[in-house]
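*Asks:* got a predicted model here, sequence first, then my questions.
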Amino acid sequence: MSAPPSQGHNWSKKSAEEEEDPVDQMISRTGCASFHHAVQDCMAEHQDWRQCQQSVHDFQQCMAEYQRTRASQLGKHKPSPATS
């Protein structure tokens, strides 16, 4: 008897639509993705950033808070300078 035909490797590549944008990945790690999406939705609806100022402000506030928290965490992990 012969063996069934080999299926080979299943190298499935994601289509361009399925691959997540690196910027979206980075923003997701900040916890501010919902604010970013609100800006995108507003821009898609109004096509005028001036009408999206509240969404932009909220996103900026979220990112600023993330940056403060991140800087604080990094500061805690820094090795203290050697004292003589």
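*Replies:* That came through fine.
*Asks:* the longest helix seen in the chain packs against which elements?
*Replies:* If you go by DSSP state H, the chain has its longest helix at helix 53-77. Secondary-structure packing of helix 53-77 (3 or more C-beta pairs under 8 Å, 6 or more residues apart in numbering; DSSP states H and E): helix 22-30, helix 33-46. The C-beta positions use only the backbone N, C-alpha and C, and glycine is treated the same way.
*Asks:* who touches the first one?
*Replies:* Yep, that's helix 22-30 we're talking about. Helix 22-30 is contacted from outside by A33, H36, C62, M63, Y66, using C-beta atoms under 8 Å, 6 or more residues apart in numbering.
*Asks:* can I get those residues in CSV including distance to L74?
*Replies:* Below are the contacts of helix 22-30 laid out as CSV (distance: C-beta to C-beta, whole Å):
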residue, distance to L74
A33, 22
H36, 23
C62, 19
M63, 16
Y66, 12
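*Asks:* filter those to the buried ones?
*Replies:* For the contacts of helix 22-30, a burial check counting by 16 or more other C-beta atoms under 10 Å picks out A33, H36, C62, M63.
*Asks:* farthest pair within those?
*Replies:* Maximum pairwise distance among those (C-beta to C-beta): 11.0 Å, between A33 and M63.
*Asks:* average pLDDT for stretch 33-50?
*Replies:* Averaged across stretch 33-50, pLDDT comes to 96.
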